[in-house]
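# Structure, please.
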Amino acid sequence: MKTVIEPYRVKMVEPIQLTTRAERERMIAAAHFNPFLLRAEDVVIDLLTDSGTSAMSSDAWAALMRGDESYAGARSWYRFRDTVRDVFGFEQVVPTHQGRAAERILFGVMVGPDSIVPNNTHFDTTRANIEYCGGQALDLECPEADDLDSPYPFKGNMDTAELERLVAEHGPARIPLIMVTVTNNSTGGQPVSMANLREVSRIARGAGIPFYLDACRFAENAYFIKRREPGFADRTAADIAREMFSLADGCTMSAKKDAFANIGGFLCTNDAELAHRERNILILTEGFPTYGGLAGRDLEAIAVGLREILDEHYLDYRLQSTRYVVEQLAAAGIPVVRPAGGHAVYLDARRFLPHVEPLQYPGQALAVELYLEAGVRGVELGSVMFGSDPHTGEEHPARLELVRLAIPRRVYTQSHMDYVIEAVGRVWERRHDVRGMRITEAPRFLRHFTAKFERL
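From the prediction side, this is the model:
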C-alpha cells in the first residue's frame, strides 16, 4: 500500500486545549519568551522533546502492575537487567533515573580537568556533564554534515581522520573515552553508519581508549543502517543493533527515547571494576544498584519498551512519518535539514531568518513565533544552547542555528503533523517581520532550559 498508517490503534485520548493568538501572546510573555517555561496545558502541539513524552503500549501499562517495589533484588530488576543484556550485549548494567544521570556517573568516574572527550556531536547534557567535570567536549562531526541540503545518508558520522589525528596527538593520557551519539541529535537527528562505527572502534581499540555509544535512539539508527547502508537490507534491526554495541566498550542510555518510557535510563559496560566504581556513586546519588532511582514499575515498562522499539513495522512508520513532514516543508521552499532524521524535524533558522544575527538568537526567535502562530512548541538548537562558554561566559555563534520539532512516539497523528506544516508555512510567509532576541537572565550551565529573553 502507498498509504503509511500508524501501526497501532488509539485506546485512550487526552484533550488538547486550543488557544487564541492573543492568549498565546500573554502566555509566552509571562514565560519570558522561553518555550521551556510555558505550562504544558497552554501548548497545542508539543514538540519540545521526544524524551519521556511517548505513549506507552497496553503491554507496557500492564507491566506496570507487575512492578516489584522491593528495595533490593526485586523481580523487576532482574527482568530489566536481562532484557538490557539481551538487547545491548553488555554484561554490567547500572540503572539510573534518566540518561543524564548515567552521563554524570560515567564522566564523574572517567573525566578529569585535563580530559578531552571527542564525540560526533555532544548533545546538551552530555557536553555540560563533561564541562562540569573540567573536561573539554570536542565535536568531530563529518564534513558532509555542513551541507544541510545534501542527500548524504549518514551525516551523523564522526570525522575519523580528525579523530585519528587527535588520538595520535593526545592518546589515552588525555582522552579517557571516545563517544558517538546515535542518532546524532545536534546535527539534525542524522544516523551513523556501521562503517563509521567500525572505524571509530578500530581507532579507539588500537589506542587502548574505551569507546562508548550515547544510545538513546539506537533502534532508529539501526533501522537507518538497514534502509541506507549496503549489505544490511536482509538483517533485522535487532541484529544490527547488537553489532553496533559489539563495537563499543559501553553505552549510556536514556530510556525516555527509544524505550517509550516516561522516565529511566542506564549505563552499561563489560568492565566489572569500572562498574563497581560506578555503582558506588550510584548508591550515593541515585539509589541501590537494583533500582537506581527507579520504581519497579518503571523497570518493567522499560523492559517492555526495549522489545517494542525493535518492531520493524513501527520503525518503518516512524521514519516515514518524519520524512513526510520534512518533504512537505522542503517542497514549500522552507529551509529544513535533509535527508529526514528519525525523531525530529529540524528547521534551519539561519536561512529562515537571515536578517537576524546569530547572537540575536534566530532559533529562539523562530521557536517563539511558531508558538505564537499556532501553539506549536519546539526547541532552539543554536547559539542559545551551544553558544556560551560556561567557564568564561564568552559568547560565540554556534555552528548551526536550528529549531528542533521533536515528535513524541505514538502520540500525534498525520492531521496533527499537517497542522504543524501549515503553522511553519504561515510563519515563513511573514518571516521578514520576525525580530531577534536578547538574554536578560541565564545560568552558567544548560542555560537554554531556564534563560529569560526579551524581544529586540
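
# so Cys268, which of the three states?
The local conformation at Cys268, judged by DSSP: H, G, I helix; E, B strand; the rest coil, is strand.

# Can you give me the neighbour number for the residue lying closest to it once chain neighbours are set aside?
In this structure, Cys268 finds its nearest non-sequential neighbour in Phe90, 3.7 Å apart by Cβ to Cβ, 6 or more residues apart in numbering. (C-beta placed from N, C-alpha, C; glycine too.) Neighbourhood size, Phe90 [other Cβ atoms under 10 Å]: 22.

# gap between Phe90 and Asp271?
10 Å (Cβ to Cβ, to the nearest Å).

# between these two, what contacts are shared?
Gly250 (Cβ atoms under 8 Å, 6 or more residues apart in numbering).

# list the contacts for the residue nearest to Cys268?
By Cβ under 8 Å, 6+ apart, Phe90 lies in contact with Val84, Phe245, Gly250, Cys251, Cys268, Thr269, Asn270.

# Quick check: the second one touching Cys251?
Yes. Counting by Cβ atoms under 8 Å, Phe245 sits close enough to Cys251 to count as a contact (6.6 Å).

# Between the two, which contacts overlap?
With Cβ under 8 Å, 6+ apart as the test, Phe245 and Cys251 both reach Phe88, Phe90, Leu213, Ala215, Phe218.

# Now tabulate these in a markdown table and tack on secondary structure and pLDDT.
Listed next are the shared contacts of Phe245 and Cys251 as a markdown table, based on DSSP: H, G, I helix; E, B strand; the rest coil; pLDDT from 0 to 100:
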| residue | secondary structure | pLDDT |
| --- | --- | --- |
| Phe88 | helix | 98 |
| Phe90 | coil | 98 |
| Leu213 | strand | 98 |
| Ala215 | coil | 97 |
| Phe218 | helix | 98 |
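
# Compare those and tell me which is most surrounded.
Ala215 (30 neighbours).

# Setting the sequence-adjacent residues aside, check what's closest to the spatially most central residue of the chain.
Nearest to the mean C-alpha position of the chain, by Cα atoms, centre = their mean, lies Asn185 at 4.9 Å. Once flanking residues are discounted, Asn185 sits nearest to Phe123: 4.8 Å by Cβ to Cβ, 6+ apart.

# can you pull the contacts of the one you found?
Residues counted as contacts of Phe123 (Cβ under 8 Å, 6+ apart) are Thr181, Asn185, Ser186, Asp214.

# Looking at those, spot the one nearest Ala145.
Ser186 (9.4 Å; Cβ to Cβ).

# Check which helices and strands the helix or strand Ala101 falls within sits against.
Here Ala101, judged by DSSP states H and E, is contained in helix 99-110. Under the contact definition 3 or more Cβ pairs under 8 Å, 6 or more residues apart in numbering; DSSP states H and E, helix 99-110 sits against strand 92-96, helix 124-132, strand 250-254, strand 265-269, helix 272-285.

# Other residues contacting the longest one?
So that's helix 272-285. The contact list for helix 272-285, computed with Cβ under 8 Å, 6+ apart, reads 91-92, 94-96, 101, 104-106, 108-110, 250, 267, 269, 289, 292.

# Go ahead and build a PyMOL selection from the buried members of those.
Buried members of the contacts of helix 272-285, defined by 16 or more other Cβ atoms under 10 Å, are picked up in PyMOL with:
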select buried, resi 92+94+95+96+101+104+105+106+109+110+250+267+269+289+292
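
# Tell me how the chain divides into domains.
21-50+311-455, 58-308 (automatic domain parsing).

# Quick one, which of those gets closest to Met1.
Per Cβ to Cβ, nearest to Met1 of the domains of the chain: domain 21-50+311-455, 11.9 Å.

# can you give me the end-to-end distance of the closest one?
17 Å (Cα to Cα, to the nearest Å).

# chain center to that domain: distance?
14 Å (Cα atoms, centre = their mean, to the nearest Å).

# quick check: mean pLDDT across that domain?
For domain 21-50+311-455, mean pLDDT is 96.

# Use 697 as the first number for this chain going forward.
All right, first residue 697 from here; so that's domain 717-746+1007-1151.

# For the stretch 947-1096 of the chain, just list every one of the helices.
Taking DSSP state H, counting those that start in this stretch as the criterion, the stretch 947-1096 of the chain contains helices spanning 968-981, 992-1004, 1008-1027, 1045-1048, 1058-1070, 1079-1082.

# I'd like those as CSV, with mean neighbour count and distance to Ala759 appended.
Converted to CSV, those look like this (neighbours: other Cβ atoms under 10 Å; distance: least, Cβ to Cβ, whole Å):
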stretch, mean neighbour count, distance to Ala759
helix 968-981, 15, 23
helix 992-1004, 24, 4
helix 1008-1027, 18, 17
helix 1045-1048, 22, 40
helix 1058-1070, 25, 35
helix 1079-1082, 24, 35
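
# My read is that the residue nearest to the centre of the chain contacts Arg913, right?
Yes. Between Asn881 and Arg913 there is a contact under Cβ under 8 Å: 7.5 Å.

# what touches both of these two?
His1039.

# residues of stretch 1088-1102 that come out buried?
Across stretch 1088-1102, burial judged by 16+ other Cβ under 10 Å covers Ala1094, Arg1095, Leu1096, Glu1097, Leu1098, Val1099, Arg1100, Leu1101, Ala1102.

# same question but for stretch 816-831, I mixed them up
In stretch 816-831, counting by 16+ other Cβ under 10 Å, buried: 816-829, 831.

# what's the span of stretch 708-719 from first residue to last?
End-to-end distance of stretch 708-719: 28 Å, with Cα to Cα as the criterion.

# coming back round to it: name the residues that touch the helix holding Ala797?
Contacts to helix 795-806, defined as Cβ under 8 Å, 6+ apart, come from residues 790, 792, 813, 821-822, 825-826, 828-829, 831, 872-873, 906, 908, 910, 912, 946, 948-953, 961-963, 970, 973-974, 977-978, 981-982, 989.
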